[in-house]
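Asker: turn this into a structure:
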Amino acid sequence: MERISDWPNLVYQKLPESTIRLLILLPGTKDLDLNAEFRLQRVSRKLPSGQYEDQGPEPDSSSHLTSGNAVDELEQVPYEALSYTWGKPIFRRTIHVHGSPIPITQNLFDALVHIRNEEARRILWVDALCINQSDNHEKSFQIPLMRHIYTNASQVLIWLGRGNKSSDRALQLINDITVQAKIIAREKAIPVMRFMTESGLQEELWDRLPSSDNGSMLYLEEPEVQLSRFIERPWFSRLWTMQEAAVAKVVTVVVGKKLLNWTDLGVAITSIRWRVMNSDTLMDFPRSHAENLIIWSKCGLNCNDGRSLYEILKDTLFLKSADPRDRIYALLGLVSNDLGIRPDYNIPTEEVFADATRRMIFTQQEPFSLSVLAFSQRHYNEEPEDFPSWVPLWHRNPAVRNPL
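Answerer: Numbers count the residues shown, from 1 in each chain. You can find the predicted model right below:
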């Protein structure tokens with residue numbers, strides 16, 4: 001198996017602070033190899049005071065390598081940000097960047113092939129390629145820019161994977177739900193987003209949806225089963241994707257060659273959750289499906305609402321991350337207040353968790369300042385010797401979700 005550290009160093013020059021790489025995906029048809037180039041772009045992050053951070057010295061344009069990194073092209077260009085899952089850490093596919101092959105996972109390969117234009121280049125930000133994954137120092141100062149990157153993208157493309165008959169039925173269900181929601185919203189002169197908060201509207205919506213008597217392929221299965229299978233796709237179970245979707249200005253969901261509006265998906269997920277919670281099907285509904293419905297209707301579709309790290313951690317316990325430290329780092333862009341935590345992948349996991357727990361205790365308002373400690377409960381065989389007993393094992397899905 002290829003290791004990230006084996007990737008060619010020639011492609012990755014040292015990246016100046018407050019600068020990101022963009023991937024210029026060159027045009028091509030489905031049967032052609034993937035080819036791309038890098039260019040660098042300066043960023044300005046707005047600070048809480050309303051000022052902008054010091055960007056530091058200008059990059060040295062004479063230091064670029066023969067790989068063609070365009071360090072001297074620093075004017076702002078619009079770009080799209082890709083939100084996806086890496087998939088299995090097997091790097092058998094390849095993209096050529098400035099002529100140098102870089103191994104990538106199958107899922108990223110599929111995404112780039114499906115979104116590549118046949119005649120025009122496409123400018124993207126893709127984490128696996130635009131961050132040097134073998135350089136922990138670069139990762140540490142690029143991770144804090146993630147919110148800025150996804151917020152300032154012209155749109156975020158959510159790649160859910162290849163399409164199939166099951167996803168086709170789910171997309172049809174989502175369309176049917178949102179069509180009825182928009183009709184009701186128009187009749188009542190209200191925003192369609194009200195369907196995500198008002199149960200009375202949900203009851204009327206489900207009364208209007210077609211019944212199974214019409215023979216539609218949509219109702220070969222119960223609606224909640226169809227949509228739950230859809231959101232069982234890996235993207236919905238990953239922690240990083242929460243921030244990537246929540247802070248975006250425009251979000252488009254991509255399933256194979258089909259596109260879906262993010263708001264439509266939000267209305268459909270909320271409606272299915274309402275149906276599950278108000279019917280006899282809840283007891284037979286798989287727990288993981290229900291958790292995904294709850295997480296994405298409660299947080300993922302409206303998570304940029306100024307909550308604390310503790311509150312967001314509670315709602316995302318069942319989401320996954322490859323690196324346990326990302327249990328904290330992946331949520332920092334969604335937190336309402338700056339806790340002073342800076343991603344550093346040279347710090348051990350136990351220190352990251354201990355530091356975050358201290359900061360949550362000291363910043364939580366009374367009487368809830370010690371609530372975080374309810375998550376430090378252990379089973380008798382679950383305590384690594386490097387973790388203090390008062391530090392929750394956030395990466396092991398603590399059992400207490402609603403402490404007193």
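
Asker: going forward, measure contacts and count neighbours with C-alpha atoms only.
Answerer: Will do.

Asker: for the stretch 251-400 of the chain, give me the ranges with low pLDDT.
Answerer: Within the stretch 251-400 of the chain, the stretches with pLDDT under 70 are 279-306, 364-369, 377-385, 397-400.

Asker: and if we set it to 90?
Answerer: Residues of the stretch 251-400 of the chain meeting the criterion pLDDT under 90: 262-322, 331-340, 342-343, 345-346, 357-358, 360-400.

Asker: can you give me the distance of Glu351 to Trp86?
Answerer: Separation of Glu351 from Trp86 (CA to CA, to the nearest Å): 26 Å.

Asker: wait, Ser166
Answerer: Counting by CA to CA, the gap from Ser166 to Trp86 is 22 Å.

Asker: do Asn107 as well
Answerer: 6 Å.

Asker: can you check Arg233 too?
Answerer: 13 Å.

Asker: looking at the two, which is more packed in?
Answerer: Trp86 (19 against 14; other CA atoms under 10 Å).

Asker: which residues sit in contact with the more buried one?
Answerer: Residues near Trp86 by CA atoms under 8 Å, 6 or more residues apart in numbering: 105, 107-108.

Asker: look up phi and psi at Cys138.
Answerer: Rather than Cys, residue 138 is Glu. phi -60, psi -40 (degrees, to the nearest 10).

Asker: could you check how many residues crowd around it?
Answerer: Residues near Glu138, counting by other CA under 10 Å: 18.

Asker: can you tell me how far it is from Asn132?
Answerer: Using CA to CA, we find Glu138 at a distance of 7 Å from Asn132.

Asker: make sure Pro103 is actually in contact with Phe91.
Answerer: Yes. Using CA atoms under 8 Å, Pro103 is in contact with Phe91, at 5.1 Å.

Asker: who's in contact with Glu203?
Answerer: Counting by CA under 8 Å, 6+ apart, Glu203 has no contacts.

Asker: neighbours around Leu145, how many?
Answerer: A count of nearby residues for Leu145, using other CA under 10 Å, gives 19.

Asker: actually His148, not the one I typed
Answerer: Burial of His148 is recorded as 17 neighbouring residues (other CA under 10 Å).

Asker: ok, the contacts of Trp86 vs Gly340, which is closest?
Answerer: Leu108 (32.7 Å; CA to CA).

Asker: residue contacts, the closest one?
Answerer: The neighbours of Leu108, taking CA under 8 Å, 6+ apart as the test, are 84-86.

Asker: can you lay out the residues you listed as TSV showing pLDDT?
Answerer: TSV is the format used below for the contacts of Leu108 (pLDDT from 0 to 100):
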residue	pLDDT
Tyr84	96
Thr85	93
Trp86	87
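
Asker: looking at these, spot the one nearest His98.
Answerer: Trp86 (22.3 Å).

Asker: you'd agree the closest one is in a strand?
Answerer: No. Under DSSP: H, G, I helix; E, B strand; the rest coil, Trp86 falls outside any strand and is assigned coil.

Asker: give me the phi and psi angles of it.
Answerer: phi -70, psi -30.

Asker: against Val97, how distant is it?
Answerer: For Trp86, the distance to Val97 - CA to CA - is 19 Å.

Asker: pull the residues that contact stretch 93-100.
Answerer: With contact meaning CA under 8 Å, 6+ apart, stretch 93-100 is reached by 8, 11, 33-38, 67-68, 101-106, 109.

Asker: quick check: mean pLDDT of it?
Answerer: Mean pLDDT, computed over stretch 93-100, is 94.

Asker: re the thing from before, secondary structure, distance to Ile158 and pLDDT for the contacts of Trp86 - can I get that in JSON lines?
Answerer: Below are those laid out as JSON lines (DSSP: H, G, I helix; E, B strand; the rest coil; distance: CA to CA, whole Å; pLDDT from 0 to 100):
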{"residue": "Thr105", "secondary structure": "coil", "distance to Ile158": "16", "pLDDT": "95"}
{"residue": "Asn107", "secondary structure": "helix", "distance to Ile158": "12", "pLDDT": "95"}
{"residue": "Leu108", "secondary structure": "helix", "distance to Ile158": "12", "pLDDT": "96"}
